[in-house]
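Undergrad: I'll drop the sequence and a predicted model, then ask my questions.
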Amino acid sequence: METTRLIIVAVGGQGNLLASKVLGEAALISDVPVRMSEIHGMAQRGGVVESAIVFGDATSSIISDGEADILLGFEPSETLRALNRCSKNTKVITNTATSPPFTVAIGKGVYPEVENIKNLLSEKCASLVAIDAMKLAKQAGSPMSVNIVLLGALVQTGSLGFTRETVIQAIKRRTKKSFLDKNIKAFELGFKAAFAYN
Amino acid sequence: MHKLLNDSPGEQIMLLGNEAIARGAIEAGVAFATTYPGTPSSEISLNLFQMSRESDLYFEYGPNEKVALEVAAAAANSGLRTFCMMKHVGLNVAADPLMTLAYVGVTAGMVILTADDPAMFSSQNEQDNRYYAKFGNLPMLEPSSVPEAKEMMKYAFKLSEQLKQPVLLRTTTRINHSNAFVTFGKMEKRITRGRFERDQTRCVTVPAVSRQLHTKVLEKMAKAKEISEGCEFNLQEGEGRFGIIVNGVSYHYALDAITDLGIADKAKLLRLGFSNPMPEKQIKTFLKGCEKVLVIEEGEPFMEEAVKAFAQEACITIPINGKSENLFSRLYEYDPAMVREKTAAYFGIDYTPAKKVSTDNVPQIPMRPPNLCSGCSHRATFYEIKKAAEGMDIICPNDIGCYTLGFLPPLNMGDFVICMGSSVSTSCGFSKATDQKVISFIGDSTFFHSGITGLVNAVFNNHNFTLVILENDITAMTGHQPHPGVDMGRFGLDGYGRVNIENLVKALGVEHISVIKPFKVKKSIETIKEALAFKGVSVIISQEPCALYAKSLKLLKPRAFRITDRCKDHKDCITTIACPSFYLEDGKVNIDADTCVGCAVCAQICPENAITPLKK
């Protein structure tokens, strides 16, 4: 089976690890081998959280620089920071809603223009889908479902080979029952937004 | 019921490496488990703690790793299957009992887990604890994947019972924090009551006994070596003239490299999963017929040096390499591309690495370092100490916990950090060696871990410094585990004692003790000034629960603040305390109402009184 390497980058608290678990479940349903690795040491203290998910026959559970097939970014400056994980063949999906790091507030750095981030990503990588996942999550009824909106967008691109139904089933198995309706709505909104983007 | 207690052999479930390890212990019938939490091992003990509340498994958090190991040693010598887990540097703390427990041995299976952290994702060093196995005469197992970690746990208990010796299971972060599908196996019955049979010629390590015991340890290790030869975890794969010897996660990087480079018909691979004692005969046989051999292991050249020595004995003169300037490093962790590239270079295979995109015209992206949380009481304490010590020439030894982050600007409180508890003892040294004012910081859990003895030393030797104990009622950094000063009622548990830090410090003979509530800024600063002026050992106890923990328990109901029109844009709030709830909009300071918890420290600092509670 062909190997697909996905990197998800997010800011602590954005629900990256849950998104990874949903994709792991989708892989189980689809009978695709999967291994995942996460770095979340200081996530609760505002740091960056990164997951590497390897689908298919490769046996390693981490992804080297330049070798991600797909980069899914939950925050635009973090997507850009992860550009070193990409090659010109990498498909990029990013949230455009910003969460500027605290260093910007204390004058240690300038947050890049989102338009500039989008231009750089689409110029250097194979494709780009950029959506305001926060707006869509709020529309779905919860700002907490940014992660599920982005999963919807990821699945729409078809780069993982999972069907929409499979991932919805995985969401049902892996997320809280009380959030299910909002999550399904969030997933659909992300899916549609990615479709409209192209 | 806890998902890891499901008696459902054959069930496939996605587990974190640490969950798989905990499940492995349960399947092995572990009855007694102890720890001091430390990343990347913390989720193992967290899961065992949770399971102990729903089953007859006994679990306890100890104040430090030495105590945890000694408690476990007694259980393992009373016939109970025992598991003791810690992070790599924790084994340094437990090294004293470890080295002699190896002489004494056990009467039931005992596994000691060391979670190493190559690349130091959350540690102060990247020491390679495989040397402890060699140093201490302990059999050692090293898994390469999450499912294998569970299987090795079970094997480790059996091996320990076979040898009557504790077994070291060594993981690295990429095992602990990877997820994979694991298949549940059968759960062995737990035997939860034991009996200690007196055996002074084994258990009382006076010199005459220990001389005998050392002989026995070497006999046990000779037997362990026989078991290691041909052990199912020492895998050999493929045939060819290129030899590759690997351990741990490098096994999978090497397997992928062999496939990607198309050298499956030329390469043979030996993966050492039972890596102390090493299977000498198996390694010597493996070396025969190889043209050259590459040893791939993160950390120190532990296997490489042994393999070279075996080759010398067997008069094999082929090149054997691993660590060198052009090959693998002793630094940090490895990755698949690195292993592929070095393997290709070593065996002379054509290979062009994937081309990374150029990041030349990418603008500088602002850093996102971890930060003290919104409403963290440590921030308030650091600010107040800084204010009270204005004009003094100070040294601030800090310690290990969330509050280590106090060293970051703009607080800059942290000048010397080496290990748990070192803030107190290094303060003793700094105060005697210099004329500077020494103010040190230690968290409550770390104080119980190894700060107390330093304070005893300070009282006895009449040192001169101020120790600030940051009492936030929890072990925060590793994910909110209890410690001896915690009210266990908050965990819904009764039957626990509770050690009061103020009484403890008083009992140690500290003459100047003060307690502050750090969210009362002015009053705290006044109290701190008095403590700093005291000649001798003064202790300030800063009491305020961890904001994250208090929020999770609903003890803290956030009440956000806002910036009013009175703001004259001094930005004192941002530049002095740098709470992450502040953000700038069009150059003006704002407060993010979603993250502000309402500690009101900024409101007390603002010279214009421009920060007020947000009206609902």
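TA: Looks like it arrived, so ask away.
Undergrad: look up phi and psi at B:Phe534.
TA: Reported as degrees, to the nearest 10, the phi and psi values for B:Phe534 are phi -70, psi 130.
Undergrad: give the bridge partners for the nearest residue to it once chain neighbours are set aside, please.
TA: Leaving out its chain neighbours, the residue that sits closest to B:Phe534 by C-beta to C-beta, 6 or more residues apart in numbering or on different chains is B:His512, at 4.3 Å. (Glycine included, C-beta is placed from N, CA and C.) When assigned by DSSP bridges, B:His512 has beta-bridge partners B:Ser538.
Undergrad: how about the residues of the stretch 151-300 of chain B near chain A?
TA: Listed as neighbours of chain A in the stretch 151-300 of chain B under the rule C-beta under 8 Å from any C-beta of the partner chain: B:Arg174, B:His177, B:Ser178, B:Asn179, B:Ala180, B:Phe181, B:Val249, B:His252, B:Tyr253, B:Leu255, B:Asp256, B:Thr259.
Undergrad: grab the most central residue of chain A for me.
TA: A:Leu72 (3.4 Å; C-alpha atoms, centre = their mean).
Undergrad: now do the SS call for that one.
TA: State at A:Leu72, reduced to three classes by DSSP: H, G, I helix; E, B strand; the rest coil: strand.
Undergrad: contacts only, for it.
TA: Shown in contact with A:Leu72 (C-beta atoms under 8 Å, 6 or more residues apart in numbering or on different chains): A:Leu6, A:Ile7, A:Ile8, A:Val9, A:Ala19, A:Val92, A:Ile93, A:Thr94, A:Leu150, A:Leu154.
Undergrad: just grab the bridge partners of it for me.
TA: Here A:Leu72, judged by DSSP bridges, has bridge partners A:Ile8, A:Ile93.
Undergrad: so what's it scoring on pLDDT?
TA: With respect to pLDDT, A:Leu72 has a value of 98.
Undergrad: quick check: it vs A:Gly190, distance?
TA: Distance from A:Leu72 to A:Gly190, counting by C-beta to C-beta, to the nearest Å: 11 Å.
Undergrad: can you check B:Ile385 too?
TA: From B:Ile385 to A:Gly190 the distance is 47 Å (C-beta to C-beta).
Undergrad: who has more neighbours, those two?
TA: A:Gly190 (30 against 27; other C-beta atoms under 10 Å in any protein chain shown).
Undergrad: mind checking the SS state of that one?
TA: helix.
Undergrad: wait, it touches A:Gly152, no?
TA: Yes: in terms of C-beta atoms under 8 Å, A:Gly190 counts as a neighbour of A:Gly152; the distance is 2.7 Å.
Undergrad: ok, back up a step: hang on, the residue nearest to B:Phe534 packs against B:Lys535?
TA: No: using C-beta under 8 Å, B:His512 makes no contact with B:Lys535, being 9.2 Å away.
Undergrad: could you list the buried residues of stretch A:183-194?
TA: A:Asn183, A:Ile184, A:Lys185, A:Ala186, A:Phe187, A:Glu188, A:Leu189, A:Gly190, A:Phe191, A:Ala193, A:Ala194 (16 or more other C-beta atoms under 10 Å in any protein chain shown).
Undergrad: and the residue of chain A found nearest chain B, what does it touch?
TA: The nearest approach of chain A to chain B comes at A:Gly109, 2.8 Å away (C-beta to the nearest C-beta). Shown in contact with A:Gly109 (C-beta under 8 Å, 6+ apart): A:Pro101, A:Thr103, B:Gln364, B:Ile365, B:Pro366, B:Met367.
Undergrad: restricted to helices, list these.
TA: Using DSSP state H, the subset of those located in helices is A:Thr103.
Undergrad: need the max-distance pair from the contacts of A:Gly109.
TA: A:Pro101 and B:Gln364 (12.4 Å; C-beta to C-beta).
Undergrad: give me the more crowded residue out of these two.
TA: When A:Pro101 and B:Gln364 are compared for neighbours, A:Pro101 comes out ahead with 25 against 8, by other C-beta under 10 Å.
Undergrad: OK, contacts around the more buried one?
TA: A:Val11, A:Gly46, A:Ser77, A:Gly109, B:Pro366, B:Met367, B:Arg368, B:Pro369.
Undergrad: which of these ranks first by neighbour count?
TA: A:Ser77 (25 neighbours).
Undergrad: state the distance from that one to B:Ile591.
TA: A:Ser77 is 21 Å from B:Ile591, by C-beta to C-beta.
Undergrad: what about the residue of the stretch 101-250 of chain B found nearest chain A, how many residues close to it?
TA: Nearest to chain A in the stretch 101-250 of chain B, going by C-beta to the nearest C-beta, is B:Ser122, at a distance of 3.7 Å. If you count neighbours by other C-beta under 10 Å, B:Ser122 ends up with 20.
Undergrad: same check, this time on B:Thr82
TA: B:Thr82 has 31 nearby residues by other C-beta under 10 Å.
Undergrad: next: B:Val204.
TA: That count, for B:Val204 with other C-beta under 10 Å as the rule, works out to 12.
Undergrad: and it, what pLDDT?
TA: Per the predicted model, pLDDT is 98 at B:Val204.
Undergrad: how near is it to B:Ala72?
TA: Taken as C-beta to C-beta, the span from B:Val204 to B:Ala72 is 19 Å.
Undergrad: ditto for B:Val106
TA: Distance of B:Val106 to B:Ala72, given as C-beta to C-beta: 9 Å.
Undergrad: quick one: pLDDT of residue 75?
TA: The chain I'm using is chain A. In this model, A:Glu75 carries a pLDDT of 97.
Undergrad: let's do chain B instead
TA: For B:Ala75, pLDDT reads 98.
Undergrad: quick one, helices of chain A?
TA: Counting by DSSP H, the helices of chain A are A:16-29, A:76-81, A:102-105, A:114-124, A:133-140, A:146-156, A:164-174, A:180-197.
Undergrad: those helices: lowest mean pLDDT?
TA: helix A:102-105 (a mean of 85).
Undergrad: so which bits of the stretch 351-500 of chain B are right by chain A?
TA: So far as C-beta under 8 Å from any C-beta goes, the stretch 351-500 of chain B lies against chain A at B:353-359, B:361-373, B:402, B:405, B:409-410.
Undergrad: put the buried members of those into a PyMOL selection.
TA: Per 16+ other C-beta under 10 Å, the buried members of those correspond to this PyMOL selection:
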select buried, chain B and resi 356+357+362+365+366+368+370+371+372+373+402+405
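Undergrad: just give the closest residue to the closest residue to chain A within chain B, not the sequence neighbours.
TA: Using C-beta to the nearest C-beta, the single residue of chain B nearest to chain A is B:Pro366, 2.8 Å away. Nearest non-adjacent residue to B:Pro366, counting by C-beta to C-beta, 6+ apart: A:Gly109, 2.8 Å away.
Undergrad: element containing B:Lys186?
TA: Using DSSP states H and E, B:Lys186 maps to neither a helix nor a strand.
Undergrad: and the residue lying closest to it once chain neighbours are set aside, what does it touch?
TA: Among residues not flanking B:Lys186 along the chain, B:Pro9 sits closest, at 5.0 Å (C-beta to C-beta, 6+ apart). With contact taken as C-beta under 8 Å, 6+ apart, B:Pro9 is in contact with B:Phe184, B:Gly185, B:Lys186.
Undergrad: and the second one, how far from B:Ile44?
TA: B:Gly185 sits at a distance of 18 Å from B:Ile44 (criterion: C-beta to C-beta).
Undergrad: so between those two, which is more surrounded?
TA: Neighbours were counted for B:Gly185 and for B:Ile44 using other C-beta under 10 Å; B:Ile44 has more, 31 against 17.
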